[in-house]
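In: Can you look at this prediction? I've put the sequence above it.
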Amino acid sequence: METLEFKNGWLNLKDEQIEAINHFCKNYKHFLNIGKTERQCVKAAIKEAEQHGFRPINEFEELKAGDKVYFINRNKNVVLTVVGKRPIRDGIRYVVSHIDSPRLDIKPNPIYEKSELALMRTHYYGGIKKYQWASRPLALHGVVVTKSGRTIDIAIGEDPQDPVFTIPDLLPHLDKKVQRERNAAEVLKGEELQIIVGSIPMEFEDKKIKDKVKHHILTKLHEKYDFTEADFISAELMLVPAGSARDVGIDEGIVGAYGQDDRICAYTSLEAILDIETPEQTAVCFLVDKEEIGSTGSTGLESRYLEFFTGELLVRQAGDKYNDQMLRRCLWNSYALSSDVNAGLNPLFESVHDAQNASKLGYGLVLTKYTGHGGKVASNDADAEYVASLRRIFDDNEISWQTGLLGKVDEGGGGTVAKYLAHYGINTIDAGAAILSMHSPFELASKFDIYELYRAYKAFYIQAF
Ligand code: MN
Ligand code: MN
């Protein structure tokens, strides 16, 4: 009789398996270092995909088995497809993960001067614990698009020679009245998330200019990056923790880095699709944006982009026979892994988890039947039949997997893109990795799990149900 027992994946690994894990994670850390924003992740994914023979969709008039195709949506989504042996209309295997992460966005009119320091105002993006962002080096990434349509790429603070930015926190000697009594969510308030961008005043010929530090910074920005204060309005600039992904612990079993939610799933599913040849069913790796703020907007999963690109695939195979019902049928007969992270059992705060149902670092891919909050509200609750199929696929391929839930009943909760996939009738389940310190500037994931995710996604793409 089969009993339910999950095992720590590090036990009984052969030397060559450990070597494969370390090799894979080295490349993963590099991806995290060069992909700190959704736009950068799209660029990195496309570069690798092209090296593996993927071509943009507009180069294909017809699609046949084995074709490797990509789509880019507004530089913030990428879709990689390997066309299967069976007709696309029979259904698709989607792995969907997100490449946006919590951060601080620069406001449209950000810069001002106070106490002879130049500062920029921000608005946080996604669910952060605001206090974690003070008194640490931050890097500025993004694009500025000038009125004439010129796009300027900005990345300041990653090169050790670069300056960084920081939010000046209050010293403990003086925080008694204004800060110490605040609750944890307000240790730093939203409007206090401001960074120092300059400190040196400059004399101007125009004596009307009072803010000598601010205008010095604007002068520098103009000289060095060729944009003006007005151009901040048409920019997407964001602050992320500066620095590189690191190994954590004497045994180096954990990767610590910003943005592993959800680039851990993005990278592993990307590598999986790059490594497959003609599968039975068409395989799709879909990297989306805006998950952290509710999947809204034209680059979030609530948009109809999934329908749009799936239609583009179908019409190139079905030609004149294409119709809307074919698209709807294809979607309804498809399977998806809504690939996102889960809360790993935290030894310091075990009480928030139901330990029996919590995911753990080092136990492999996490299958999360449902998410949501209080009474499963707003969750996609995966069908038992689909969960059973996945158990079979992963067991057949000797892939370590475990189940996970996001905390105890009524402890809190959260959601993913799963419900937006299920909306089309796509068979959907949440699947991903256990993470510690989720949404912090330094998230933790087990190297064993990182590699196992890659193996799991590959099996999902190629194994028949
Ligand atoms: Mn996520
Ligand atoms: Mn998240």
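Out: Received it, and whenever you're ready, just let me know what you need. Ligands and ions are numbered 1, 2, ... in the order given.

In: Quick check: residues of the stretch 251-400 of the chain near ligand 1?
Out: Applying the criterion Cβ under 5 Å from the ion, the portion of the stretch 251-400 of the chain that neighbours ligand 1 consists of D261, D262, D340. Quick note: C-beta positions are derived from backbone N, CA and C, even for glycine.

In: Send over the longest helix seen in the chain as PDB, restricted to the C-alpha atoms.
Out: Looking only at the chain and at elements set by DSSP state H, the helix with the highest residue count is helix 15-34. Written as PDB, here are the backbone C-alpha positions of helix 15-34 (Å, rounded to 0.1, in the frame of the first residue of the first chain):
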ATOM      1  CA  ASP A  15      28.200  13.100  -7.600                       C
ATOM      2  CA  GLU A  16      27.200  13.700 -11.200                       C
ATOM      3  CA  GLN A  17      23.700  14.800 -10.200                       C
ATOM      4  CA  ILE A  18      25.200  17.300  -7.700                       C
ATOM      5  CA  GLU A  19      27.500  18.600 -10.400                       C
ATOM      6  CA  ALA A  20      24.500  19.000 -12.800                       C
ATOM      7  CA  ILE A  21      22.600  20.900 -10.200                       C
ATOM      8  CA  ASN A  22      25.500  23.300  -9.500                       C
ATOM      9  CA  HIS A  23      26.100  23.800 -13.200                       C
ATOM     10  CA  PHE A  24      22.500  24.600 -13.800                       C
ATOM     11  CA  CYS A  25      22.300  27.000 -10.800                       C
ATOM     12  CA  LYS A  26      25.400  28.900 -12.000                       C
ATOM     13  CA  ASN A  27      23.500  29.800 -15.200                       C
ATOM     14  CA  TYR A  28      20.400  30.500 -13.200                       C
ATOM     15  CA  LYS A  29      22.200  33.000 -11.000                       C
ATOM     16  CA  HIS A  30      23.600  34.700 -14.200                       C
ATOM     17  CA  PHE A  31      20.000  35.000 -15.500                       C
ATOM     18  CA  LEU A  32      18.900  36.600 -12.200                       C
ATOM     19  CA  ASN A  33      21.800  39.000 -12.400                       C
ATOM     20  CA  ILE A  34      21.000  40.200 -16.000                       C
END
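
In: Go through it and flag the buried ones.
Out: Along helix 15-34, these residues count as buried under the neighbour rule (16 or more other Cβ atoms under 10 Å): I21, F24, C25, Y28, K29, F31, L32, N33.

In: Then stretch 245-253?
Out: Buried residues in stretch 245-253, counting neighbours by 16+ other Cβ under 10 Å, are found at A245, D247, V248, G253.

In: now it: mean pLDDT?
Out: Rounded to a whole number, the mean pLDDT of stretch 245-253 is 98.

In: contacts for that stretch?
Out: The set of residues that contact stretch 245-253 without belonging to it, under Cβ atoms under 8 Å, 6 or more residues apart in numbering, is 10, 28-29, 32-33, 254-257, 362, 444, 446-448.
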